[in-house]
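J.: could you work out the structure for the sequence below:
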Amino acid sequence: MQTISSVPASGRAQRARLAERVRRVPSSGIRRFFDLIQTMDDVISLGVGEPDFVTPWHIREAAIYSLERGYTMYTSNHGLIELRRALAEHLARRYGVVYDPHEEILITVGVSEGLDLAMRAILDPGDEVLIPDPGYVSYAPCVTFAGGVVQPVPTAPENGFRPAPEDFASRLTPRTKAVLLGYPNNPTGTVVDRDTLAAIARIVAEHDLIAVSDEIYDRLVYGREHVCFAALPEMRERTILLGGFSKAYAMTGWRIGYVAAPRDLMAGLVKIHQYTALCAPITSQMAAIEALKNGEAAVQAMVAEYDRRRRVIVKGLNDIGLTCLEPEGAFYAFPSVAVTGQSDEEFAERLLLEEHVAVVPGSAFGACGRGHVRCCYATSLAQIEEALHRIDSYVRRRKA
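T.: Next up is the predicted model:
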């Protein structure tokens with residue numbers, strides 16, 4: 001009698017080497033354009049969602065000084081207590097939401113790790129997560145990798161890409177476990193008002209759901225109030241709050257983020273974190289402490305500059321004929337390319353090849369992003385103005 005091990009590999013049924021849930025997630029729709037950029041000269045990139053500012057010197061200096069003093073070791077799984085205390089004070093002061101720095105705040109390797117931890121900690125196979133569409137490219141894959149099922153909640157430019165509470169309610173099923181929100185929004189720049197968020201919060205409470213709220217762009221708002229979801233009535237105990245330092249403090253490469261959550265949920269996140277990442281880099285944590293303590297002036301200066309660029313790029317795109325709503329947060333404009341008669345993918349590819357301007361197809365962020373492109377204005381005003389000139393030339397040729 002033959003055993004499986006004695007049957008030659010050529011005679012066995014082929015087994016996929018990668019897990020099915022990994023195979024069914026497509027590669028990032030952004031990546032292909034970045035790969036093309038590497039082969040070209042004189043490209044103006046409006047694609048990468050990264051500040052063009054260097055991390056403020058006093059923050060870099062704090063990190064350098066920490067290295068000089070020999071801070072090169074592991075920290076607690078939760079992160080440095082001094083940083084967690086500073087974050088607890090920051091959240092209480094800005095949003096009135098109180099967390100225990102010892103048990104309810106976790107320092108992560110960027111917000112991306114926090115998102116991954118949250119999904120893996122709360123989802124069982126088949127659990128459903130409601131996610132507004134369009135949304136950040138990592139949201140749906142992180143749900144899938146954790147064994148969950150994405151239920152998109154559509155939004156439209158006619159409503160400023162704001163989600164309607166009734167659209168959440170209409171998509172609830174017995175398998176719905178969580179709502180994943182990301183506001184201010186990437187890619188649309190949408191900021192959601194307090195009343196709408198409160199209505200979504202009531203749905204979360206009534207149906208015993210968990211809210212995962214990615215608020216990495218909380219400081220980048222223009223003439224609007226950022227509403228912390230966890231600070232809404234009954235939401236502190238139901239919310240996993242994600243935040244970080246990449247955008248407001250120009251600290252993308254430092255890979256430093258945080259999660260704030262009630263004890264029972266946090267216990268699950270920490271369990272996964274301690275077996276995978278272990279802890280965030282201590283040098284980045286030391287820099288983050290300095291950012292929270294003394295970085296406010298730099299944040300305000302960068303936000304003022306983003307606001308100036310925002311107004312220039314939105315006016316420029318609309319003047320060209322690429323209809324663009326005014327973004328109220330983050331640093332993205334999300335114009336329609338309908339006037340060209342092209343799909344968002346064709347527009348982005350031809351614009352890159354012919355005019356050397358990189359934008360991201362809106363369909364990379366979900367079905368409701370089709371027909372739009374994401375333009376990041378976290379680059380110099382001179383680059384933005386030159387990019388607008390090139391886009392104008394391209395659109396004129398398409399109309400001719």
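J.: quick one, helices of this structure?
T.: Counting by DSSP state H, the segments of the chain that form helices are 20-23, 31-37, 57-68, 81-95, 110-122, 139-145, 165-169, 194-206, 263-275, 282-294, 296-320, 344-355, 381-399.
J.: quick one: those as TSV, columns for mean neighbour count too.
T.: Quick note: C-beta positions are derived from backbone N, CA and C, even for glycine. Output for these, formatted as TSV (neighbours: other Cβ atoms under 10 Å):
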stretch	mean neighbour count
helix 20-23	10
helix 31-37	15
helix 57-68	15
helix 81-95	17
helix 110-122	24
helix 139-145	22
helix 165-169	16
helix 194-206	17
helix 263-275	16
helix 282-294	21
helix 296-320	17
helix 344-355	19
helix 381-399	16
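J.: so which of the ones you listed gets nearest residue 245?
T.: The closest of the helices of the chain to residue 245 is helix 282-294. By Cβ to Cβ, the value is 5.3 Å.
J.: same for the closest one, what does it pack against?
T.: helix 57-68, helix 81-95 (3 or more Cβ pairs under 8 Å, 6 or more residues apart in numbering; DSSP states H and E).
J.: out of those helices, which gets nearest to residue 348?
T.: Here helix 57-68 is closest among those (Cβ to Cβ), at 34.1 Å.
J.: orientation of that closest one relative to helix 296-320 in degrees?
T.: Going by axes from the mean of the first three to the mean of the last three Cα atoms, to 10 degrees, helix 57-68 is angled at 130 degrees with respect to helix 296-320.
J.: re the thing from before, any chance of the helices and strands packed on helix 282-294 in a markdown table, with distance to residue 339 and mean pLDDT too?
T.: Putting those into a markdown table (distance: least, Cβ to Cβ, whole Å; pLDDT from 0 to 100) gives the following:
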| stretch | distance to residue 339 | mean pLDDT |
| --- | --- | --- |
| helix 57-68 | 43 | 98 |
| helix 81-95 | 41 | 98 |
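J.: with distance to residue 251 added, can I get the ones you listed in TSV?
T.: Below are the helices and strands packed on helix 282-294 laid out as TSV (distance: least, Cβ to Cβ, whole Å):
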stretch	distance to residue 251
helix 57-68	7
helix 81-95	13
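J.: out of those, the one nearest residue 219 is which?
T.: Comparing the helices and strands packed on helix 282-294 by Cβ to Cβ, helix 81-95 comes nearest, at 8.9 Å.
J.: just checking, what packs against the closest one?
T.: Using 3+ Cβ pairs under 8 Å, 6+ apart: helix 81-95 touches strand 105-108, strand 257-260, helix 282-294.
J.: give me that answer again for 6 Å
T.: helix 282-294 (3 or more Cβ pairs under 6 Å, 6 or more residues apart in numbering; DSSP states H and E).
J.: residues contacting the helix it packs on, please?
T.: Helix 282-294 is contacted from outside by 58-59, 62-63, 66, 71, 75, 79-80, 82-83, 86, 90, 245, 249, 254, 256, using Cβ atoms under 6 Å, 6 or more residues apart in numbering.
J.: picking that back up, which one of the helices and strands packed on helix 282-294 lies nearest to residue 333?
T.: helix 81-95 (26.3 Å).
J.: angle of that closest one against helix 282-294?
T.: Using the same axes, to 10 degrees: helix 81-95 against helix 282-294 is 40 degrees.
J.: and the closest residue to residue 363 other than its chain neighbours, how many neighbours does it have?
T.: Closest residue to residue 363 apart from its sequence neighbours, by Cβ to Cβ, 6 or more residues apart in numbering: residue 370 at 4.6 Å. Neighbours of residue 370 under the rule other Cβ atoms under 10 Å: 16.
J.: tell me the predicted confidence for residue 370.
T.: pLDDT, residue 370: 98.
J.: where does the prediction get shaky in the stretch 251-400 of the chain?
T.: For the stretch 251-400 of the chain, residues meeting the criterion pLDDT under 70 lie at 400.
J.: how about a cut-off of 90?
T.: The stretch 251-400 of the chain contains residues with pLDDT under 90 at 398-400.
J.: leaving out sequence neighbours, find the closest residue to the residue minimising distance to the centre of the chain.
T.: Computing the C-alpha centroid of the chain and ranking residues by Cα atoms, centre = their mean puts residue 136 first, at 5.1 Å. Excluding the flanking residues, the one nearest residue 136 by Cβ to Cβ, 6+ apart is residue 186, at 4.8 Å.
J.: residue 333 against residue 324, yeah?
T.: Yes. Using Cβ atoms under 6 Å, residue 333 is in contact with residue 324, at 5.4 Å.
J.: count the neighbours of the residue nearest to residue 152 when sequence neighbours are not counted for me.
T.: Leaving aside its sequence neighbours, residue 152 sits nearest to residue 133 (Cβ to Cβ, 6+ apart; 4.0 Å). Per other Cβ under 10 Å, the neighbour tally for residue 133 reads 20.
J.: give me the domain ranges for the protein.
T.: Domains of the chain are assigned by automatic domain parsing as 21-50+297-399, 57-294.
J.: and the end-to-end length of the first one?
T.: Same thing as domain 21-50+297-399. 43 Å (Cα to Cα, to the nearest Å).
J.: sorry, back to before: thought the residue nearest to residue 363 was touching residue 364?
T.: No. The criterion here is Cβ under 6 Å, and residue 370 misses it with residue 364 at 9.9 Å.
J.: re the thing from before, and of the helices of the chain, who's closest to residue 51?
T.: When those are compared by Cβ to Cβ, helix 296-320 sits nearest residue 51, at 6.8 Å.
J.: that closest one packs against which elements?
T.: Packed against helix 296-320 by the contact rule (3+ Cβ pairs under 6 Å, 6+ apart) you find helix 381-399.
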